[in-house]
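> sequence isn't available, so here's the structure alone:
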């Protein structure tokens, strides 16, 4: 646990990076990380066998494809993908999201790396 | 875990209640609840011995008093209060916040109820 108790401005943190599909850690609590990410395009199908994952949209329109339906999220909307549920984030235009997930969670879950998308737990920003 | 995977609109959920200091649960993940609350005035000093607590401000200006300093949060800003750290939320005008905390966390922590503030883990909305 980081010892400093401090205010974190989400917009300011988002201004610090532009790389896509590369989550940045901005806070931690109860064995979970709070992360920010910018995404655009189609991610890969994957699931997290042991961990739930929350997506909260800061800006842009995000689709989270599930096998049986598609969740359509706008800014100010969130969804929790339960452990074991296959999903694929898709964003036609750039989207900024806040993620909350366990410290063990990697972005690609059980999927393998591709040329464009590398597995990562994210890094502090 | 609720089985339905669905989109939750934070603003719509906030429109459903007006009672102060009464957190409403809107999602759960990894043994944590995501809650919304409306607060105004001074809460009571308390701490959560075993649980970190995240405050994310949706609207309004929130002060979180710590023993050694005061955190001043505006909309789009967050802070994590680590386990064991005494704190007191204070809002001159009404503030809407998103909270993330363990399912065991009660709003008043180790403090006792007062006439105006009752201990609660919150209820689903």
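Everything's here; your move. Nothing here was measured: the structure is a model prediction, and the numbers come from that model. Numbers count the residues shown, from 1 in each chain, chains lettered A, B, ... in the order given.
> any idea what residue A:124 is bridged to?
Counting by DSSP bridges, residue A:124 is bridged to residue A:25.
> for it, give me its contacts.
Contacts for residue A:124 (C-beta atoms under 8 Å, 6 or more residues apart in numbering or on different chains) come out as A:24-26. Where you see a C-beta, it was placed from the backbone N, CA and C, and this is true even at glycine.
> between those, which is nearest residue B:59?
residue A:26 (20.3 Å; C-beta to C-beta).
> per-residue pLDDT, the closest one?
Note for residue A:26: predicted pLDDT of 97.
> count of neighbours near it?
As a burial measure, residue A:26 scores 23 neighbours (other C-beta atoms under 10 Å in any protein chain shown).
> do residue A:69 as well
Residue A:69: 10 surrounding residues under other C-beta under 10 Å.
> gap between it and residue A:63?
Relative to residue A:63, residue A:69 is positioned 10 Å away (C-beta to C-beta, to the nearest Å).
> list the contacts for the spatially most central residue of chain A?
Most central in chain A under C-alpha atoms, centre = their mean is residue A:99, positioned 4.2 Å from the mean C-alpha point. Going by C-beta under 8 Å, 6+ apart, residue A:99 touches A:23, A:33-37, A:53-56.
> count the residues that sit near the closest residue to residue A:117 other than its chain neighbours.
Distance criterion C-beta to C-beta, 6 or more residues apart in numbering or on different chains; nearest residue to residue A:117, sequence neighbours excluded, is residue A:21 at 5.4 Å. Counted with other C-beta under 10 Å, the neighbours of residue A:21 add up to 18.
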